[in-house]
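J.: only geometry, no sequence info:
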């Protein structure tokens, strides 16, 4: 194992009734960039890591997003839940500073600036239409 920090992520995805995803459901995780660590001589690709639900939230150990020797900086993890859940894929930071074990439900989704501008612009247009 390298000198990098890793975090165990508890993937506590569920439905609106408070049930975890059904056994056999598979979510995937992938970094938002190809990661390079020239200190520990590691290149981590963007291949998806699968996590399978087995009657409770599965855990997976992932590279922490706040490792100082990883390039590029500012990368995140993206989780893609099964399509049948109605949960859209989203990205999140997983800093080791947040603890060696973290729950997905405690992490804030991260969105690209272009996505947020489109969302904010749409909300502004709706607000203006209501005001008129």
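T.: Yes, it's here. On a predicted model such as this, the values are computed, not experimentally measured, just so you know.
J.: What's opposite the residue lying closest to residue 47 once chain neighbours are set aside in the beta bridge?
T.: Across the structure, with C-beta to C-beta, 6 or more residues apart in numbering as the measure, the residue nearest residue 47 apart from its sequence neighbours is residue 30 (6.8 Å). In this view, the C-beta of every residue, glycine as well, is placed from N, C-alpha and C. In this entry, residue 30 is beta-bridged to residue 78, by DSSP bridges.
J.: any idea how far residue 30 lies from residue 80?
T.: Spatial separation of residue 30 from residue 80 under the definition C-beta to C-beta, to the nearest Å is 8 Å.
J.: Next: residue 10.
T.: For residue 10, the distance to residue 80 under the criterion C-beta to C-beta works out to 17 Å.
J.: List the contacts of the closest residue to residue 10 other than its chain neighbours.
T.: Distances taken as C-beta to C-beta, 6+ apart put residue 103 closest to residue 10, at 4.6 Å, once the chain neighbours are dropped. The contact partners of residue 103, taken as C-beta atoms under 8 Å, 6 or more residues apart in numbering, are 9-10, 12, 57.
J.: Do I have it right that the residue nearest to residue 47 meets residue 78?
T.: Yes: using C-beta atoms under 8 Å, residue 30 makes contact with residue 78 at a distance of 5.5 Å.
J.: Residue 54 reaches residue 23, doesn't it?
T.: Yes: in this structure, residue 54 is within contact of residue 23 by C-beta under 8 Å, at 5.3 Å.
J.: Please say which of these two ends up with more neighbours.
T.: Neighbours were counted for residue 54 and for residue 23 using other C-beta atoms under 10 Å; residue 54 has more, 13 against 10.
J.: OK, contacts around the more buried one?
T.: When contacts are counted by C-beta under 8 Å, 6+ apart, residue 54 touches 23-24.
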